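J.: Fold the stuff below for me.
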Amino acid sequence: MSSTNPPNPNVSTFNNLYWSITDIPLTQSQADRRYLKYPVAQGKETLQAIDVNGVANFNQPITMTSATAANRSISSSIYNVKNASNTSIGNITYTSNSINYQSSISNARHLFTNNTGGTDIDVMEITANTGVTITKQLLLGGATSLDRTISSSNYRLLSNTGVDSGNIYLNSTNQFRYENDVNSGSHNFLTKDNLGNTTTPITINSNGLIMNVVGDYIQFPDGSQQTTASTTTPLKTYTDYITSQPPNLSNKVITIPANCYAIDLMAISSGGNAGADNGGFRGGSGGGGQLVKSSSKIAVSPTQEIIVIFATDASGNFIRGEIAGQNSVLIRSPNADEMANVVSRDIQVNGVLTTFTNVIGVLANGLNGGNATGSANGVGASAGTDLPLFNAYATGWTTYRATAGKTGGLNIGGAPRGAKWLENGYGSGGISTGVVPITILGGDAVVMITYYIG
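T.: Residues are numbered from 1 along each chain as shown. The predicted model follows:
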C-alpha cells in the first residue's frame, strides 16, 4: 500500500495539483527569501486610508501629487521642528487667533530666505536681541497713504556698515529731534536740479547752517531773496539815551552810524515840579509830561544827522517847570531835503526864545504844581498845555499826553513828580521843590534812539 494519501478530489486522470503534501519543513533562511521580513512592508503600495496610533517616522521626503490644493495639505495643531541631528529645536502652534513660530534654542533666529539665480539670499531675520532685520527694500503697496505708513515713536538710523548713528523722535516737549550721534557728523539735505544732478544745498553741523551751492538763496514771504550775508557788520541793535543834562545841553547833534538802515525814536518831556510846602500844608503835585514815539521803524542813511534841543534858561540849565505855551524838547533835522514837511517851532535856548526849522517833533513839560498857603494845600497842576507835535518826517507816530498832577495833602504830601511815563506811556513827572532840593536830578527829559545795524 502506498504511503501517499489519495488525491483530493479523486479524479480519473492523474494530476499532481490534487496531491497534497502537508507539513513540509521551511527554514528561516528559506522564508526570508520568499517573503518580506517584519517590519519591512512591500514597496510602492497604494493605500486608500491609514490610521497610525503611534509615531510615524519618514526617512525620505513626503511628496504630495494631487491636482487639488486641499488634497496636498498636512493638518495639525502643532508642528515640531527638528535639526539634522533629529533634535527638537522649536515648533509652530496656533493659539488665540495667532500662529506662533517658537524657537527653543538660545540666541535663535527666524530666517526668511529666497533663492535667486541658484543663490540663497537672507531677506529678513528676526531675533530676540536685534529685532527684525530686513536686507532688501521694504515696499508698502497700500491703496491709501495711511496703508503705506510706518509708525513708531523712535526711528534709529544705521550707517552703510550697520553702525548705530542716530535717531528721529518726538521728545517730551513735542519737538521733533533729528540726532546725529557720530562725532563731527552733519545733517545734509539732498535734492536734484533741473538736469537731474544731485546737489546738497544745505548742511547743518555743530557750527551752524551752511549754504553749499553758489547762487542758492533764502527766499522770504514777500518774494525777496538773499544769496549772501553781510561780511562787514553783523546785524544788531542798540539804544542811545540823550538826557537833559550836560553835555547834551542845549544842542545835541546825533549822527547816524555806518551800516544803520533804520531807527526807532522816542522823546519824553519832564513833568512839572511840585509846589512848595507851607507849614503843615503841602504843595500840589506837578503835572505829567508828554511822550512822542515812532510806532514803526524810520528809514535813515549813514551820516544823516538828528539834532536834539532841550529848553535851557539864561544859566544854561534845563527848564524843568513848563513855561506855559512853550516847548521843553525839540527834535529836528538840519537838512531840508530830508523833511517830508518843513515845520518851524520855538524853544528857549539859554533863556532866549529861538526858532528852528525842519522840526521832527516838539514836547512840552508838565506845569508846576501850586504852592501851599498857610491854610490850604497847593493845587495839582495839569499836564503840558499843548499836545505834542510830530511831523510827517516819518509815518506811524504815536503821541501821549500825561494826566494832571495830584493835589497836595497831609497824607500824600507834595508828590515829587507827576505821572510817570512808564505808566500808560505818559511823560515823567518833575521834582518837588517842597520835599527835595530842586538840584536833585529828577524828572529829566530824555530822547531814546534805537539803531538797526546791518
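
J.: could you measure the residue nearest to the spatial centre of the chain against residue 169, distance?
T.: The chain has residue 175 as the residue nearest its centroid, 5.4 Å off, counting by Cα atoms, centre = their mean. When distance is defined by Cβ to Cβ, to the nearest Å, residue 175 is 10 Å away from residue 169. C-beta: built from backbone N, CA, C; applies to glycine.

J.: cool, and residue 162?
T.: From residue 162 over to residue 169 the distance is 20 Å, taken as Cβ to Cβ.

J.: what about residue 298, how many residues close to it?
T.: Residues contacting residue 298 under the criterion other Cβ atoms under 10 Å number 18.

J.: phi, psi of it?
T.: With angles defined as degrees, to the nearest 10, residue 298 sits at phi -100, psi 120.

J.: Then the one 4 residues further on?
T.: When quoted as degrees, to the nearest 10, the phi and psi of residue 302 stand at phi -60, psi 150.

J.: Surely residue 70 is in a helix?
T.: Yes - counting by DSSP: H, G, I helix; E, B strand; the rest coil, residue 70 falls inside a helix.

J.: So what's the predicted local confidence for it?
T.: Per-residue pLDDT puts residue 70 at 87.

J.: quick one: secondary structure of residue 254?
T.: strand.

J.: let's have the chain start at 58 instead
T.: I'll keep to 58 as the first residue from here, and by that count the last item is residue 311.

J.: could you say which helix or strand contains the closest residue in space to it that isn't next to it in sequence?
T.: Excluding the flanking residues, the one nearest residue 311 by Cβ to Cβ, 6 or more residues apart in numbering is residue 363, at 4.6 Å. Secondary structure from DSSP states H and E places residue 363 in strand 362-367.

J.: Could you verify my assumption that residue 297 touches residue 503?
T.: No - if you go by Cβ atoms under 8 Å, residue 297 and residue 503 don't touch, sitting 10.5 Å apart.

J.: So between those two, which is more surrounded?
T.: More crowded of residue 297 and residue 503, by other Cβ under 10 Å: residue 503, with 21 against 12.

J.: Now for residue 509: which residues touch it?
T.: Applying Cβ atoms under 8 Å, 6 or more residues apart in numbering to residue 509 gives the contacts 292, 294, 317, 318, 319, 320, 321, 354.

J.: The same query, at a cut-off of 7 Å, please.
T.: Shown in contact with residue 509 (Cβ atoms under 7 Å, 6 or more residues apart in numbering): 294, 317, 318, 319, 320, 354.

J.: okay, now the second one: neighbour count?
T.: If I follow you right, that is residue 317. 20.

J.: Looking only at neighbour counts, state which of residue 219 and residue 226 leads.
T.: Comparing residue 219 with residue 226 by other Cβ under 10 Å, the one with more neighbours is residue 226, at 14 against 8.

J.: avg pLDDT for the helix or strand where the more buried one lies?
T.: Residue 226 belongs to strand 221-227 when assigned by DSSP H and E. The average pLDDT for strand 221-227 rounds to 87.

J.: chain center to the next helix or strand after it: distance?
T.: On the C-terminal side of strand 221-227, the nearest following helix or strand under DSSP H and E is strand 233-237. Offset of strand 233-237 from its chain centre (Cα atoms, centre = their mean, to the nearest Å): 11 Å.

J.: now strand 233-237 and strand 221-227, what's the angle there?
T.: 170 degrees (axes from the mean of the first three to the mean of the last three Cα atoms, to 10 degrees).

J.: in strand 233-237, what counts as buried?
T.: By neighbour count on 16 or more other Cβ atoms under 10 Å, the buried set for strand 233-237 is residue 237.

J.: can you check stretch 302-311 too?
T.: For stretch 302-311, burial by neighbour count (16+ other Cβ under 10 Å) applies to 305, 306, 307, 309, 311.

J.: from these, which is closest to residue 343?
T.: residue 306 (20.6 Å; Cβ to Cβ).

J.: I'd assumed residue 375 was in contact with that closest one.
T.: Yes - applying Cβ atoms under 7 Å, one finds residue 306 in contact with residue 375, separated by 6.2 Å.

J.: which residues are common contacts for those two?
T.: With Cβ under 7 Å, 6+ apart as the test, residue 306 and residue 375 both reach 367, 369.

J.: circling back to that earlier point, the residue nearest to residue 311: what's it in contact with?
T.: Contacts for residue 363 (Cβ under 7 Å, 6+ apart) come out as 311, 388, 390.

J.: let's see it at 10 Å
T.: 299, 309-313, 320, 322, 355, 357, 388-391, 395, 417, 450, 504, 506 (Cβ atoms under 10 Å, 6 or more residues apart in numbering).

J.: Show me the shaky parts of this structure.
T.: The chain contains residues with pLDDT under 70 at 58-80, 286-292, 345, 378-382, 392-399, 439-500.

J.: Please report phi then psi for residue 295.
T.: phi -150, psi 160.

J.: ok, how many other residues are close to it?
T.: For residue 295, the tally of surrounding residues (other Cβ under 10 Å) stands at 10.

J.: Now the closest residue to it other than its chain neighbours: which helix or strand?
T.: Leaving aside its sequence neighbours, residue 295 sits nearest to residue 508 (Cβ to Cβ, 6+ apart; 5.8 Å). Per DSSP H and E: residue 508 is located in strand 503-510.

J.: Might one say that residue 185 is in contact with residue 166?
T.: Yes - at 8.5 Å, residue 185 and residue 166 qualify as touching, with contact defined as Cβ atoms under 10 Å.

J.: which residues touch residue 243?
T.: By Cβ under 10 Å, 6+ apart, residue 243 lies in contact with 237, 257, 260, 261, 262, 263, 264, 267.

J.: Next one: the second one from residue 265, what distance?
T.: Noted for residue 257: a distance of 16 Å to residue 265, by Cβ to Cβ.

J.: How about the secondary structure of residue 245?
T.: strand.

J.: which residues does it bridge with?
T.: residue 260 (DSSP bridges).

J.: can you map out the strands along the stretch 308-457 of the chain?
T.: Per DSSP state E, counting those that start in this stretch, the stretch 308-457 of the chain carries strands over the ranges 308-312, 317-325, 347-351, 355-356, 362-367, 386-389, 402-406, 409-413, 416-420, 446-447, 454-458.

J.: can you redo the ones you listed as TSV with distance to residue 85?
T.: Below are those laid out as TSV (distance: least, Cβ to Cβ, whole Å):
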stretch	distance to residue 85
strand 308-312	131
strand 317-325	119
strand 347-351	125
strand 355-356	123
strand 362-367	132
strand 386-389	135
strand 402-406	143
strand 409-413	144
strand 416-420	134
strand 446-447	133
strand 454-458	126
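
J.: Pretty sure residue 297 sits in a helix.
T.: No - going by three-state DSSP, the assignment for residue 297 is strand, not a helix.
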